[in-house]
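Participant: My questions concern the predicted model and sequence given below.
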Amino acid sequence: MDLSVLLLSLIPSFQSVYVLVFYFVYLAIAGEILPGKVIRGVLLSDGSQLRYRCNGLLALIFLVAILGICAKLGIVSPLVVADRGLELLSATFIFCVLVTLALYVTGRSSSDKSSSLKPHVSGNLVHDWWFGIQLNPQFMSIDLKFFFVRAGMMGWLLINLSILAKSVQEASLSQSMILYQIFCALYILDYFVHEEYMTSTWDIIAERLGFMLVFGDLLWIPFTFSIQGWWLLHNKVELTVPVIVANCLVFLIGYMVFRGANKQKHIFKKNPKTPIWGKPPVVVGGKLLASGYWGIARHCNYLGDLMLALSFSLPCGISSPVPYFYPIYLLILLIWRERRDEVRCAEKYKEIWAEYLRLVPWRILPYIY
Ligand code: NDP
């Protein structure tokens, strides 16, 4: 694509702004009115706990149904995202900048003393804007951090569905595209089935809401995780049966490890006596799980996620590194995050953590790392 065409297609039209506004308004209303399990978040340092209504799956099903009906009636084109990908990307970027500037200003002027809203100000404007000032800022009683991650994960599926519609319209639907679409759709649906597990993840409990997180949720997740789909729209890959079987195995094993590890930790935090793989759990210092996946490596959940990421790219073959952007990025991110998490846990758990390190020496991949 020539540079001037690329730059022109980045200028957001009113239509792309309408799409975003519709999307956010829908999510805000659906999040408030649809039923869902209300989950208490982790205990914050001041003893308070936030509440999260986990109705993302219902919100997603309704949204896809509404869009499907509107597409059938000719009110909305299923290609609206696939045809306006770059515009939507730049409109989302502008939104991220504006919303994080607003978060910076409101965060700085807040005099709230609670753990979730207490301002953390370093005085460095760029640092505070990038990392955020408050842990769990809210807007009209909506928890913005939870809202943005939901918007990003759903956005990824909507982009994929639009790409799928485009490949059907262009009569270029391939086995690779079908595999990619199925794997991602299962991963995203699974995320919403287990949305409550999100409430105890690092992003929710430890990261303040600044540009880094908002950009990561709203732009990075939907637009870069779908690169394989965009790539397959323009490239044809022939897959053999053994390659398809191997690809499915990477996905299934990755899923088993990822979901199994996250589930074991979640259940353990709720009731540390729950059996793990049919046996009483090995617990260090009454606080850390050292059996099941958490006895194999200290972050087996990251290993599972990395295998899943790889399975999303394998349908694209090995002719280009472009579709491998997501697993490569995730590898770097999770290694970095694992290091930061280790520092946090070492400070928090002290000698208990040292004992856990002794029992479980591997970080992510047993015998290798
Ligand atoms: P974890 O879910 O692994 O959470 C780490 C926290 O769990 C620690 O800070 C500690 O918190 C607790 N913990 C650590 N070890 C133990 C143990 N042995 N027993 C009990 N508690 C323990 O990390 P993340 O929140 O980073 O990741 C959650 C999921 O999200 C992962 O599967 C990851 O792969 C995925 N992810 C995906 C990304 C993507 O872009 N696709 C990006 C980031 C994450 P505490 O203080 O509460 O005890």
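Facilitator: Received it, and whenever you're ready, just let me know what you need.

Participant: Run through the helices of the stretch 51-200 of the chain in chain order.
Facilitator: Using DSSP state H, counting those that start in this stretch, the helices of the stretch 51-200 of the chain run over 56-72, 80-83, 85-109, 125-131, 144-169, 175-193.

Participant: Lowest average confidence across these, which one?
Facilitator: Lowest mean pLDDT within those: helix 80-83, at a mean of 90.

Participant: related to what we said a few turns ago, residue 223: which of the helices of the stretch 51-200 of the chain is closest?
Facilitator: Smallest distance to residue 223 across the helices of the stretch 51-200 of the chain (CB to CB): 5.2 Å, for helix 85-109. Yep, even glycine has a C-beta here, placed from its N, CA and C like the rest.

Participant: Which positions within the closest one qualify as buried?
Facilitator: Across helix 85-109, burial judged by 16 or more other CB atoms under 10 Å covers 85-93, 95-96, 99-100, 103-104, 107.

Participant: likewise stretch 266-276?
Facilitator: Neighbour-count burial for stretch 266-276 [16+ other CB under 10 Å]: 266-268, 276.

Participant: Could you list the low-confidence segments of this structure?
Facilitator: 1 (pLDDT under 70).

Participant: Please, which helix or strand holds the closest residue to residue 177 other than its chain neighbours?
Facilitator: What sits nearest to residue 177 in space, not counting adjacent residues and going by CB to CB, 6 or more residues apart in numbering, is residue 232, at 4.8 Å. Here residue 232, judged by DSSP states H and E, is contained in helix 227-234.

Participant: The helix or strand that that helix is followed by packs against which elements?
Facilitator: Later in the chain than helix 227-234, the nearest helix or strand by DSSP H and E is helix 241-270. Helices and strands touching helix 241-270, by 3 or more CB pairs under 8 Å, 6 or more residues apart in numbering; DSSP states H and E, are helix 175-193, strand 288-289, helix 300-313.

Participant: is helix 241-270 anywhere near the ligand?
Facilitator: Yes: contact of helix 241-270 with the ligand (CB under 6 Å from any ligand atom) involves 258, 262, 265, 268.

Participant: just to revisit the earlier point, nearest to residue 328, out of the helices of the stretch 51-200 of the chain?
Facilitator: Of all those, helix 175-193 comes closest under CB to CB, at 16.7 Å.

Participant: Which residues of the stretch 101-250 of the chain lie near the ligand?
Facilitator: So the stretch 101-250 of the chain meets the ligand at 201-202 (CB under 6 Å from any ligand atom).

Participant: In a helix, residue 6, correct?
Facilitator: Yes: under DSSP: H, G, I helix; E, B strand; the rest coil, residue 6 sits within a helix.

Participant: Let me see the contact set for it.
Facilitator: residue 86 (CB atoms under 8 Å, 6 or more residues apart in numbering).

Participant: sorry, back to before: what's the most buried one of the helices and strands packed on helix 241-270?
Facilitator: Stretch with highest mean neighbour count among these: helix 300-313 (a mean of 24; mean count of other CB atoms under 10 Å).

Participant: elements contacting that one?
Facilitator: Right, helix 300-313 is packed against helix 175-193, helix 241-270, helix 325-349 by 3+ CB pairs under 8 Å, 6+ apart.

Participant: could you say what helices and strands the shortest one packs with?
Facilitator: Other elements packing on helix 175-193 under the criterion 3+ CB pairs under 8 Å, 6+ apart are helix 56-72, helix 144-169, helix 227-234, helix 241-270, helix 300-313.

Participant: picking up where we left off before, burial count for the residue nearest to residue 177?
Facilitator: Using other CB atoms under 10 Å, residue 232 is surrounded by 26 other residues.

Participant: wait, doesn't it sit right on residue 315?
Facilitator: Yes: shown here, residue 232 and residue 315 form a contact pair, counting by CB atoms under 8 Å, at 7.3 Å.

Participant: what do these two both touch?
Facilitator: Joint contacts of residue 232 and residue 315 (CB under 8 Å, 6+ apart) are 176-177, 180.

Participant: Check those residues against the ligand and report the nearest one.
Facilitator: Here the nearest of those to the ligand, counting by CB to the nearest ligand atom, is residue 180; it sits at 15.8 Å.

Participant: got a list of what the nearest residue to the closest one once chain neighbours are set aside touches?
Facilitator: Leaving aside its chain neighbours, residue 180 sits nearest to residue 315 (4.6 Å; criterion: CB to CB, 6+ apart). Residues in contact with residue 315 (CB under 8 Å, 6+ apart) are 175-177, 179-180, 183, 228, 232, 237, 239, 247.

Participant: Residue 315: what secondary structure?
Facilitator: Classification of residue 315 using three-state DSSP returns helix.

Participant: same question, the one 5 residues further on
Facilitator: Residue 320 falls in the coil class when you classify it by three-state DSSP.

Participant: Next one: it from residue 228, what distance?
Facilitator: Residue 320 sits 10 Å away from residue 228, taking CB to CB, to the nearest Å as the criterion.

Participant: Do I have it right that residue 304 meets residue 258?
Facilitator: Yes: using CB under 8 Å, residue 304 makes contact with residue 258 at a distance of 2.8 Å.

Participant: TSV for the shared contacts of residue 232 and residue 315, including distance to residue 44?
Facilitator: Output for the shared contacts of residue 232 and residue 315, formatted as TSV (distance: CB to CB, whole Å):
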residue	distance to residue 44
176	45
177	44
180	39
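
Participant: Pick the one among those closest to residue 58.
Facilitator: Distance to residue 58 across the shared contacts of residue 232 and residue 315 (CB to CB) is lowest for residue 180, with 25.6 Å.

Participant: can you pull the contacts of the closest one?
Facilitator: Residue 180 touches 160, 228-229, 232, 312, 315-316, counting by CB under 8 Å, 6+ apart.
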